[in-house]
Structures are given as structure tokens and as C-alpha cells.
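Trainee: Kindly generate the corresponding structure for this input.
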Amino acid sequence: MAPTAIECQALEVVFANRGNKQTILDGLDLTVPAGQIVTLLGPSGCGKSTLLRVVAGLTKPTSGSLCIEGKSVRENQHKLAFVFQESALLPWRSVYQNVRLPWEIRKAPAGFDLDSEIQNVLELVGFKPNDWNKKPHQLSGGMKMRASIARALITKPDILLLDEPFAALDDMLRSKLNDLLLKIVEQTHTTMLFVTHNIAEAIYLSHSIAVFSQGKIGERIDVDLPTPRQASVRSTPEFAAMYGRVSESLARNASA
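Mentor: Okay, the predicted model is just below:
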């Protein structure tokens with residue numbers, strides 16, 4: 001059994017708005033095994049992004065507990081990296097300089113060959129050397145997101161949090177970047193907690209899917225499709241059956 005990367009127990013997040021309390025997470029439990037992709041699936045406003053922000057240490061839970069590799073978020077926050085829906089690249093910096101940024105903010109460990117690591121991670125996400133000096137306005141939407149992922153990977157995180165990173169891309173680009181994430185997990189064994197509204201994307205990427213229901217995980221579905229995933233699996237009866245099962249769970253838990 002894989003060790004646990006993320007463990008949430010009875011997490012609650014309550015926001016106060018003009019004297020009214022709004023419960024976003026309501027006693028949520030979730031375990032994410034190390035080296036796996038777990039996808040959070042549910043309608044807008046159900047708490048998926050809030051949970052990601054709690055795991056990242058950006059939002060403080062009202063109650064409950066959260067462990068990152070057995071320790072508190074504060075102790076292990078350096079093991080996390082976040083990829084947002086927008087690439088958020090600095091427009092005046094090149095791709096190479098944007099990827100370098102986290103180690104300008106954070107002190108690199110002794111003996112860390114930063115230039116070599118940047119080159120390795122840019123190669124991993126599919127950048128050619130003649131693209132390294134391009135500015136964000138010279139990049140396609142897909143390349144901007146590849147640069148954003150490279151910037152997240154440069155610190156060698158154990159856990160990557162992704163909040164609908166491909167939502168604004170067309171289906172062809174989305175499929176290519178799905179394959180990129182699978183390649184990253186295969187090569188680096190990075191754990192990923194992934195948010196999406198796209199059922200097919202959730203099935204293709206995931207080891208398991210956590211379906212939200214009223215601020216909790218209503219159902220956890222293991223995706224027992226062959227690995228490593230190949231694009232051809234999307235056209236199989238097994239994929240279609242899994243799509244139907246996840247769709248039913250999503251509808252059932254959304255109305256619970």
C-alpha cells in the first residue's frame with residue numbers, strides 16, 4: 001500500500017458574510033496516496049477549490065485536521081506547489097526566467113545546479129531551447145500552461161495541486177496536457193490533487209475520483225482502467241461504463 005501524501009479529517013471551512021455563516025467544507029474526510037492522481041469532481045461552488053487552498057495553506061480551516069506526509073501544512077508547505085487556472089506568468093520575464101522565479105524567492109539548497117534543473121524541467125514539459133527566451137505574449141495558451149507547470153515542478157515538490165489548469169483550452173490541447181501530467185507522474189512519482197469539471201478528463205487522468213456532495217466527499221470511485229493510460233482507452237466500453245458511473249454519482253451527490 002502506498003504511503004499517504006495528504007490526509008484530511010473532519011475538515012470544516014465556514015465563511016462569515018455580513019453576519020451570515022456559509023459552510024463550504026462540512027466535516028470532509030479525504031486521503032490521497034503518494035504518487036497518485038486524485039481528482040476532485042463536483043459542480044461550481046461545492047468546495048473543490050477551497051479544499052485545494054486549505055491543503056496549500058492559503059485558507060485556514062475552521063476546524064478539523066490536515067496532514068501533509070504525516071506533518072502539518074506549515075512544516076511541509078515547501079513540499080507543495082500550486083498550478084492555477086491562469087498561467088500567471090510574469091509578462092516581462094522569459095519562459096526561462098519565469099521558471100527560475102521560485103528559487104529567486106526561496107533559497108536553493110547547497111549544491112543545487114539550478115540552470116541544469118531548469119533545462120531538465122523545460123525539456124520534461126516539452127519546451128525546445130529556442131522557446132526558452134520567449135515572453136508569455138509569444139506563447140500559445142498550451143505553452144503558457146506548460147511553462148506554469150514547469151515553474152511549479154522546479155522546486156521538486158512531492159505534491160502538485162492543480163485547480164482546473166486546462167479549463168480554458170480546447171479539447172486537443174487539453175488531451176496533450178493530460179498526457180503530460182501522466183508522463184510527469186510516471187517519471188517523478190509526484191502526487192497530484194486535481195480539480196476539474198470535465199468527467200472524461202477526470203477518468204483519463206485519475207487513479208481515483210472524489211465526488212463532492214454538500215461540502216463533503218459523497219463518493220470515492222477507483223478508476224480501474226489499464227495503466228499507463230493510452231489515448232485509445234477513451235474509445236473503449238470500459239471507459240464508457242466508467243463515464244456513466246461517474247456521471248450518475250455526480251448527479252446523485254449534487255442533488256443530495
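
Trainee: ranges for the strands of the stretch 151-256 of the chain?
Mentor: 159-163, 191-196, 208-213, 216-222 (DSSP state E, counting those that start in this stretch).

Trainee: Include distance to L90, mean neighbour count and mean pLDDT when you put these into JSON lines, please.
Mentor: In this view, the C-beta of every residue, glycine as well, is placed from N, C-alpha and C. Compiled in JSON lines, these are given as follows (distance: least, CB to CB, whole Å; neighbours: other CB atoms under 10 Å; pLDDT from 0 to 100):
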{"stretch": "strand 159-163", "distance to L90": "19", "mean neighbour count": "23", "mean pLDDT": "96"}
{"stretch": "strand 191-196", "distance to L90": "24", "mean neighbour count": "24", "mean pLDDT": "96"}
{"stretch": "strand 208-213", "distance to L90": "33", "mean neighbour count": "23", "mean pLDDT": "95"}
{"stretch": "strand 216-222", "distance to L90": "36", "mean neighbour count": "17", "mean pLDDT": "95"}
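
Trainee: For G45, which of the ones you listed is the nearest?
Mentor: Closest to G45 of the strands of the stretch 151-256 of the chain, according to CB to CB: strand 208-213, at 9.8 Å.

Trainee: Who are the packing partners of the closest one?
Mentor: For strand 208-213, the packing partners by 3 or more CB pairs under 8 Å, 6 or more residues apart in numbering; DSSP states H and E come out as strand 37-41, strand 216-222, helix 237-254.

Trainee: hey, which of those is tucked in deepest?
Mentor: The highest mean neighbour count among the helices and strands packed on strand 208-213, using mean count of other CB atoms under 10 Å, belongs to strand 37-41: a mean of 25.

Trainee: Show the end-to-end separation of stretch 166-175, please.
Mentor: 9 Å (CA to CA, to the nearest Å).

Trainee: mind listing what's buried in it?
Mentor: Residues F166, L169, L173, R174, S175 are the ones in stretch 166-175 that count as buried (16 or more other CB atoms under 10 Å).

Trainee: Excluding sequence neighbours, find me the nearest residue to the last one.
Mentor: Spelled out, it's S175. Distances taken as CB to CB, 6 or more residues apart in numbering place A231 nearest to S175, at 6.9 Å, with adjacent residues excluded.

Trainee: if we can go back for a sec, now render the strands of the stretch 151-256 of the chain as TSV, adding distance to P3.
Mentor: Output for the strands of the stretch 151-256 of the chain, formatted as TSV (distance: least, CB to CB, whole Å):
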stretch	distance to P3
strand 159-163	12
strand 191-196	10
strand 208-213	16
strand 216-222	18
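
Trainee: So which of these is nearest S63?
Mentor: With CB to CB, the closest approach to S63 among the strands of the stretch 151-256 of the chain belongs to strand 216-222: 13.8 Å.

Trainee: about what we covered before: how much space between the residue nearest to S175 and D224?
Mentor: 18 Å (CB to CB, to the nearest Å).

Trainee: repeat for T4
Mentor: 20 Å.

Trainee: what about the two, which has more around it?
Mentor: Using other CB atoms under 10 Å as the criterion, T4 and D224 rank with T4 on top: 15 against 10.

Trainee: show me where this structure has helices.
Mentor: Using DSSP state H, the helices of the chain run over 48-56, 73-76, 95-105, 114-124, 141-153, 171-188, 199-205, 237-254.

Trainee: for L225, what are its contacts?
Mentor: Contact analysis of L225 by CB atoms under 8 Å, 6 or more residues apart in numbering lists I203, V233, T236, E238, F239, M242.
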